Each structure stands twice: as structure tokens, then as C-alpha cells.
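Trainee: give me a model of this one.
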Amino acid sequence: MNLASAQINWGGRSLNVDLASPIDTSLAIKDSRFEKGASAWYVDGPRFEPVRGEGFVGKVSEGGSVNFTDVYFNPHGHGTHTECLGHITLEAESVDRQLRREPLAPLLPCLVHTVEPFEVGGDRVVLKDHLPDLSELPTALVLRTLPNSDKKKTQTWDNTNPPYLDPEFTSELVSRGVVHLLIDLPSVDKEVDGGALLSHRVFFGVPDSPRYNATITEFIYLPDTHKDGLYALNLQVASIDLDASPSRPILFPTS
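Mentor: Sure, this is the predicted structure:
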């Protein structure tokens with residue numbers, strides 16, 4: 001058995017997966033007092049605090065026997081995260097519960113597709129014209145937006161009106177078979193839209209045709225050195241019982 005390779009099937013094709021060349025697209029949650037990470041949605045930066053009390057300190061450098069740390073962060077506002085339809089539903093749907101009901105395959109066929117949003121009325125929008133040429137798409141799609149500098153790894157997106165997806169573009173993704181959508185932006189929707197969240201609603205089928213197995217992963221980063229095309233995706237999501245949870249999407253080249 002060659003543990004450095006595997007195969008996945010998509011569109012009648014058998015693809016060889018290079019397991020020896022993982023591409024980690026996640027952005028870590030960092031203690032904002034000491035190191036800057038990507039953030040959005042006007043929340044305070046993450047912080048890590050050693051537990052203290054009754055003669056105990058959870059920090060070895062301060063004389064404690066172990067490092068024992070409380071972490072304060074917002075899953076939507078800090079670092080790479082994966083969300084389910086519970087982000088916009090009255091019911092408290094949890095991405096953890098959804099993935100336990102329908103576990104992800106270890107490797108999913110995934111298309112990396114780069115787009116340069118168009119200027120529309122002062123916004124930068126991903127439109128239907130940006131759709132990939134393929135009539136059917138793999139289960140997963142990574143959407144990389146231009147410009148694509150590594151500033152995305154430390155960007156504070158508050159009050160910047162980031163690019164977003166036109167709901168017609170998002171609807172077409174659903175029609176073409178995309179179940180797992182990954183983007184390098186803080187949201188698929190406009191920063192200030194009055195709560196409409198149109199692309200979220202279209203992708204998750206809310207309220208009329210809920211897609212319980214669908215996920216949106218935001219705040220990824222994929223350098224330009226990795227070209228557009230077909231990859232295998234390993235989507236790792238932390239087991240937190242919320243509508244969104246920190247995640248680590250790993251891409252593997254295929255041939």
C-alpha cells in the first residue's frame with residue numbers, strides 16, 4: 001500500500017491524490033495582544049488567559065506545573081471556520097451535529113477557482129460571469145479572490161465592505177452540485193446588507209429547501225503558487241456544538 005497517494009473519483013474520472021503534498025489553507029486564531037490574525041465583525045480580538053486561583057497558575061513560565069489556558073474568541077470573527085445552516089435559522093442547528101449525522105468523506109473532490117470581483121455600484125461582487133466553465137462541479141469549491149496578497153492572513157475586515165457573492169452566482173453553484181463552499185473572505189454576503197444574507201440563504205436553502213449537509217467555510221488563504229484546478233479536500237472541523245466552528249481545510253494536488 002502506498003500511503004503517500006490515494007484515489008478519488010469524480011465525473012467519471014479517477015484522480016490520483018498526492019497525500020505527500022498537503023496544502024493547509026487555514027488561518028490560526030491568535031492571541032491578538034501579541035500577534036495579529038485575520039478578523040471581522042467588530043468583535044474584540046481573541047485572547048488566551050492562563051487559569052488562576054487558589055495558589056494555582058496555568059502557566060509554566062510563571063511557575064505553574066502545566067500550561068492550562070482559557071480561550072476567548074468568536075468563531076465567525078476570528079480565523080478559518082466552517083458553518084452550517086444554523087447560522088441563519090431559528091433552530092439552533094449545530095455544524096458538529098450535522099457532521100455527526102452525515103460525516104464527511106476523508107477526501108472530497110474540490111475545484112480551486114480564482115476570480116476577480118467586478119465593480120458594481122461601489123461594491124466588488126462575484127457575479128454569474130465568474131462561474132467556472134464546467135457544467136457540473138465537484139462536491140467542494142474553493143473560491144480564491146483577487147487581489148490575493150498574504151495580507152489576507154492578518155486583515156482586519158471591519159468597515160472595509162469586502163467583496164461578496166451575488167446570490168445568482170451562489171444559486172448556480174447549488175444547481176451545479178456544490179455542497180461545500182470555501183472562500184477567502186469573511187462572508188459570502190455583503191458586510192452591511194440589512195440582515196438579508198441572500199447568498200447564505202440561497203446556499204443553505206433557507207427557508208424552503210434546507211440543505212442540512214451543506215457547509216460554508218470562510219477566512220481561508222490559498223497562495224497564488226497553487227494553481228486553479230482539481231484537488232482533494234480534507235475538511236477538518238473542531239467538535240464544538242455551535243452553528244460555526246474553527247476548521248482546517250487541507251488540499252491535496254491531484255493528477
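Trainee: what separates the lengthiest helix in the chain from the chain centre, distance-wise?
Mentor: Counting residues, the longest helix found in the chain (DSSP state H) is helix 167-175. Average the C-alpha atoms of helix 167-175, do the same for its chain, and the two points are 18 Å apart (Cα atoms, centre = their mean, to the nearest Å).
Trainee: partners of the next helix or strand after it in the sheet?
Mentor: Next along the chain after helix 167-175, taking DSSP states H and E as the criterion, comes strand 180-183. Looking at strand 180-183 with DSSP bridges, its paired strands and their directions are strand 140-145 (parallel), strand 215-218 (parallel).
Trainee: so, low pLDDT: which residues of this structure?
Mentor: In the predicted model, the chain carries pLDDT under 70 at residues 1-2.
Trainee: setting aside sequence neighbours, what's the nearest residue to Arg176?
Mentor: Computed as Cβ to Cβ, 6 or more residues apart in numbering, the closest residue to Arg176 that is not its neighbour in sequence is Leu137, at 4.4 Å. C-beta here means a position set from N, CA and C on the backbone, and glycine is covered the same way.
Trainee: so that neighbour makes contact with Val179?
Mentor: No. Under the criterion of Cβ atoms under 8 Å, Leu137 makes no contact with Val179, lying 9.7 Å away.
Trainee: out of these two, which sits in the busier spot?
Mentor: Under the criterion of other Cβ atoms under 10 Å, the comparison of Leu137 against Val179 puts Leu137 first, with 23 against 18.
Trainee: next one: phi and psi at the more buried one?
Mentor: Recorded main-chain torsions at Leu137 are phi -110, psi 160, according to degrees, to the nearest 10.
Trainee: any idea how far it is from Asn16?
Mentor: Between Leu137 and Asn16 the distance is 20 Å, computed by Cβ to Cβ, to the nearest Å.
Trainee: do Leu104 as well
Mentor: In this structure, Leu104 and Asn16 are 21 Å apart, going by Cβ to Cβ.
Trainee: equivalent analysis for Ala4, please.
Mentor: Relative to Asn16, Ala4 is positioned 11 Å away (criterion: Cβ to Cβ).
Trainee: who has more neighbours out of these two?
Mentor: More crowded of Ala4 and Asn16, by other Cβ under 10 Å: Asn16, with 15 against 10.
Trainee: just the CA trace of the helix or strand where the more buried one lies, in CSV.
Mentor: Here Asn16, judged by DSSP H and E, is contained in strand 13-18. This file holds the C-alpha atoms of strand 13-18, laid out as CSV (Å, rounded to 0.1, in the frame of the first residue of the first chain):
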residue,chain,number,x,y,z
ARG,A,13,-12.5,10.3,-13.8
SER,A,14,-10.2,8.5,-11.4
LEU,A,15,-7.9,11.1,-9.9
ASN,A,16,-4.6,10.2,-8.2
VAL,A,17,-4.2,12.2,-4.9
ASP,A,18,-0.7,13.3,-3.7
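Trainee: next helix or strand past it?
Mentor: Scanning forward in sequence from strand 13-18, with DSSP H and E defining helices and strands, the next element found is strand 23-24.
Trainee: can you tell me how far Ala6 is from Asp184?
Mentor: Taking Cβ to Cβ as the criterion, Ala6 is separated from Asp184 by 26 Å.
Trainee: between those two, tell me which one has more neighbours.
Mentor: Asp184 (25 against 17).
Trainee: what sits against that one?
Mentor: 143-145, 148, 152, 219-222 (Cβ atoms under 8 Å, 6 or more residues apart in numbering).
Trainee: isn't Arg176 right next to Thr139, touching?
Mentor: No. Counting by Cβ under 8 Å, Arg176 sits too far from Thr139 to count as a contact (10.7 Å).
Trainee: which residues are common contacts for those two?
Mentor: Taking Cβ under 8 Å, 6+ apart as the contact criterion, no residue touches both Arg176 and Thr139.
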